[in-house]
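Chemist: Quick one: sequence plus predicted model below, questions after.
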Amino acid sequence: MADRPVIMVGFVPVAVASLAQFQPDRSVIIIDEPDVIRKRDVRAQVADAQVVREVIGWEYQLAGAADEFANAFPDLDPAAIAALQEYATPFAARLAERYGLPGAGFGAAQIMRDKELLRKVTAAAGIPNPRSVSVADEADLRKFMDQHEGPVVLKPANRQGSVGTRILSGADEVDAAWIECTDHDEGIFVPDRPRDVRMLAEQYVAGAEYSVEMLVDRGTPLFANVTEKTLFPGDRPVEMGHVVPADISQELQDLLFEQTRQVLKAVGFGSGVVHCEWIVSASTAFLVECAGRFAGDGIIDLIDRAYSMDLVKHFWTVMKGEPVPGPLPSSAQRAAAVRFLHTRPGLVETVDGMDQARQVPGVVSCTVVVKAGDRVRRLRSSKERIGAATAVAETVREARSRTEEALARINIVTVPTI
């Protein structure tokens with residue numbers, strides 16, 4: 001098995017570092033879009049990574065790309081294939097099928113990649129979903145708002161994260177929101193060619209937000225966790241923080257686990273890891289979306305710290321079709337939290353307090369990605385956040401408090417710009 005490569009689709013630097021902990025040298029192949037490889041300078045980033053065997057440029061988001069790849073590389077004989085980016089999930093699933101390896105299943109991956117399809121399929125299986133409709137223009141959006149009381153969420157059906165998502169409270173916001181939400185500038189992380197824009201209007205559901213991270217082997221869950229989510233205030237649902245495990249009742253945990261299993265059954269998910277998001281309102285858990293990939297925002301690091309495990313290693317074991325050694329933990333030994341930072345938009349003058357922030361007990365990492373001379377942009381999606389603090393503690397409350405204390409010690413001065 002050691003001489004067979006594993007394939008990661010979509011370049012994620014931390015994933016390369018994780019694979020280096022248990023994969024032999026020159027055993028990892030990275031596939032990414034040629035434009036992305038160029039814009040992110042991927043080959044230079046992995047030049048010193050002993051674990052990387054090759055970087056292959058492939059337009060994997062185009063129809064038929066996985067079948068074309070399998071025919072172009074018939075003797076590759078990989079040991080495992082996995083998507084490390086949201087847009088890579090259908091390609092990775094189909095490529096796994098072509099090479100006879102475990103995977104989500106191409107049909108399941110396609111449904112989970114498309115928020116409109118996921119709503120239709122899971123609603124038919126009896127899973128609670130917010131009311132949702134495809135909208136082609138501002139007139140469609142106004143019609144939906146006229147038919148439904150309360151706020152409405154405008155979001156893309158085929159993008160990742162919080163890109164292009166906004167909560168609308170009145171019809172007077174429609175024109176500006178439509179222009180903003182249909183402009184999906186994801187910069188260096190996507191190919192340069194035009195991509196289809198499809199929008200959804202959905203009922204806004206107010207409630208507590210959670211996600212379920214689940215490792216699945218041929219439809220059978222091996223591990224599950226509930227993460228508690230908080231959002232920045234405002235009309236953009238951008239994550240402000242996460243805590244693992246969620247401080248909830250056993251009854252609610254069981255409900256979220258069971259409904260996640262029902263989602264996977266509804267779409268026919270095979271093997272892999274999923275990140276399934278829920279809003280709980282009046283004792284009902286409404287599906288937000290479900291991704292067939294690792295959670296972002298450092299949630300996997302939180303899980304590893306809270307449960308004293310290596311979820312990434314277990315994941316790749318499953319994707320190789322090998323048995324996971326022993327039962328995985330069913331409960332966390334401690335709590336872990338991450339809190340994200342943002343500040344007033346403008347030109348950064350000074351950044352102070354980093355040393356003091358890192359001295360907060362239990363803080364394991366604290367970063368700020370801006371410096372004097374950089375520009376802080378208005379918070380519209382997760383990519384505008386400018387820092388984060390991660391902490392561990394014996395309780396959820398204490399872990400969350402430590403991240404808040406760390407960020408409170410950081411002082412960033414910005415000057416408004418025109």
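Modeler: Received, thanks.
Chemist: all helices of the stretch 201-350 of the chain, in order?
Modeler: Taking DSSP state H, counting those that start in this stretch as the test, the helices found in the stretch 201-350 of the chain are 250-267, 299-307, 311-319.
Chemist: Point out where the stretch 1-150 of the chain drops to low pLDDT.
Modeler: Residue ranges of the stretch 1-150 of the chain with pLDDT under 70: 1-2.
Chemist: ok, now with 80
Modeler: Scanning the stretch 1-150 of the chain for pLDDT under 80 picks out the ranges 1-3.
Chemist: Can you list the residue ranges for strands in it?
Modeler: Counting by DSSP state E, counting those that start in this stretch, the stretch 1-150 of the chain has strands at residues 6-9, 28-32, 52-57, 80-83, 132-135.
Chemist: So which of these is the most surrounded?
Modeler: Ranked by mean neighbour count, the strands of the stretch 1-150 of the chain are led by strand 80-83 with a mean of 29 (mean count of other Cβ atoms under 10 Å). From N, CA and C alone the C-beta is placed, and that goes for glycine too.
Chemist: Indicate which one of the strands of the stretch 1-150 of the chain is closest to residue 91.
Modeler: Counting by Cβ to Cβ, residue 91 lies closest to strand 6-9 out of the strands of the stretch 1-150 of the chain; the figure is 5.8 Å.
Chemist: chain center to the closest one: distance?
Modeler: 18 Å (Cα atoms, centre = their mean, to the nearest Å).
Chemist: Stretch 311-327 now?
Modeler: Its chain's C-alpha centre and that of stretch 311-327 lie 21 Å apart, by Cα atoms, centre = their mean.
Chemist: Can you check the distance spanned by that stretch, start to finish?
Modeler: With Cα to Cα, to the nearest Å applied, stretch 311-327 spans 13 Å between its terminal residues.
Chemist: Could you pick out the longest strand of this structure?
Modeler: Counting residues, the longest strand found in the chain (DSSP state E) is strand 220-231.
Chemist: Check which helices and strands that one sits against.
Modeler: strand 208-217, strand 239-244, helix 250-267, helix 299-307, helix 311-319 (3 or more Cβ pairs under 8 Å, 6 or more residues apart in numbering; DSSP states H and E).
Chemist: 6 Å instead, please
Modeler: Based on contacts counted as 3 or more Cβ pairs under 6 Å, 6 or more residues apart in numbering; DSSP states H and E, the elements that strand 220-231 packs against are strand 208-217, strand 239-244, helix 250-267.
Chemist: of all the ones you listed, which lies closest to residue 406?
Modeler: For the helices and strands packed on strand 220-231, proximity to residue 406 was assessed by Cβ to Cβ; strand 239-244 is nearest, at 11.7 Å.
Chemist: Dump that closest one to PDB, keeping only the CA atoms.
Modeler: Below are the C-alpha coordinates for strand 239-244, written out as PDB (Å, rounded to 0.1, in the frame of the first residue of the first chain):
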ATOM      1  CA  GLU A 239     -19.300  32.700  11.500                       C
ATOM      2  CA  MET A 240     -17.800  34.500  14.500                       C
ATOM      3  CA  GLY A 241     -16.900  31.400  16.500                       C
ATOM      4  CA  HIS A 242     -17.200  27.600  17.000                       C
ATOM      5  CA  VAL A 243     -17.000  25.500  20.200                       C
ATOM      6  CA  VAL A 244     -16.600  21.700  20.400                       C
END
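Chemist: re earlier: mind giving me CSV with the strands of the stretch 1-150 of the chain and columns for distance to residue 189?
Modeler: Shown next, in CSV, are those (distance: least, Cβ to Cβ, whole Å):
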stretch, distance to residue 189
strand 6-9, 14
strand 28-32, 10
strand 52-57, 15
strand 80-83, 14
strand 132-135, 25
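Chemist: what's the closest of these to residue 261?
Modeler: Set against residue 261 and scored by Cβ to Cβ, the strands of the stretch 1-150 of the chain come closest in strand 80-83, at 20.9 Å.
Chemist: name the helices or strands packed onto that closest one?
Modeler: Counting contacts by 3+ Cβ pairs under 6 Å, 6+ apart, strand 80-83 is packed against strand 6-9, helix 89-98, helix 311-319.
Chemist: go again using 10 Å as the cut-off
Modeler: Secondary-structure packing of strand 80-83 (3 or more Cβ pairs under 10 Å, 6 or more residues apart in numbering; DSSP states H and E): strand 6-9, strand 28-32, helix 89-98, strand 272-281, helix 311-319.
Chemist: Nearest to residue 207, out of the ones you listed?
Modeler: The closest of these to residue 207 is strand 272-281. By Cβ to Cβ, the value is 3.4 Å.
Chemist: buried ones in the closest one?
Modeler: 272-280 (16 or more other Cβ atoms under 10 Å).
Chemist: sorry, back to before: chain center to the longest strand of the chain: distance?
Modeler: Centroid separation for strand 220-231 versus its chain: 12 Å, with Cα atoms, centre = their mean.
Chemist: same question, stretch 195-215
Modeler: Its chain's C-alpha centre and that of stretch 195-215 lie 12 Å apart, by Cα atoms, centre = their mean.
Chemist: Now do the contacts for the closest residue to residue 378 other than its chain neighbours.
Modeler: Among residues not flanking residue 378 along the chain, residue 345 sits closest, at 4.9 Å (Cβ to Cβ, 6 or more residues apart in numbering). Applying Cβ atoms under 10 Å, 6 or more residues apart in numbering, one finds that residue 345 lies in contact with 375-379, 384, 414, 416-417.
Chemist: can you pick the most crowded of these?
Modeler: When those are compared by neighbour count (other Cβ atoms under 10 Å), residue 379 ends up highest, at 21 neighbours.
Chemist: In its sheet, which strands sit next to the longest strand of the chain, and in what direction?
Modeler: Strand 220-231 sits in its sheet next to strand 208-217 (antiparallel), strand 239-244 (antiparallel), going by DSSP bridges.
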